[in-house]
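Asker: Provide a 3D model corresponding to the input given below.
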Amino acid sequence: PATSYLMNNPEIMSSIIKFIACSAIGQSFIFFTIAHFDPLVLTTVTTTRKIFSVLLSIFMKGHTLSSMGWSGMALACGGIMSELQDKSRKMNHAHRH
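Answerer: Predicted coordinates for the structure are as follows:
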């Protein structure tokens, strides 16, 4: 079924190739981040990216978010801020000793 669809719609191949390239680049960044930092940094980066994607969607495209959705956004932002504060506190403590 997939090959016949591609044969009947060859114009979709450029979109598929772009998707493959973006996926490969994304996976490379994930590998690089884990190899040079740690999984917590990767989690923070991906969560932050998702938050900005949702906010861009809301403000640029006019999408809406329920109160439960805004609560989730606040919780995610609070978690990231907590991680940053904890990391900052640990770095300051390590520099003093």
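Asker: and for residue 87, the neighbour number?
Answerer: 13 (other CB atoms under 10 Å). C-betas here are computed from N, CA, C, even on glycine.
Asker: lowest confidence element among the helices and strands of the protein?
Answerer: helix 67-96 (a mean of 88; mean pLDDT, DSSP states H and E).
Asker: so which elements touch that one?
Answerer: helix 39-61 (3 or more CB pairs under 8 Å, 6 or more residues apart in numbering; DSSP states H and E).
Asker: who does the helix it packs on touch, helix- and strand-wise?
Answerer: If contacts are counted by 3+ CB pairs under 8 Å, 6+ apart, helix 39-61 sits against helix 13-36, helix 67-96.
Asker: before we move on, back to that, just want the angle from the least confident helix or strand of the chain to helix 39-61.
Answerer: Per axes from the mean of the first three to the mean of the last three CA atoms, to 10 degrees, the angle that helix 67-96 makes with helix 39-61 is 140 degrees.
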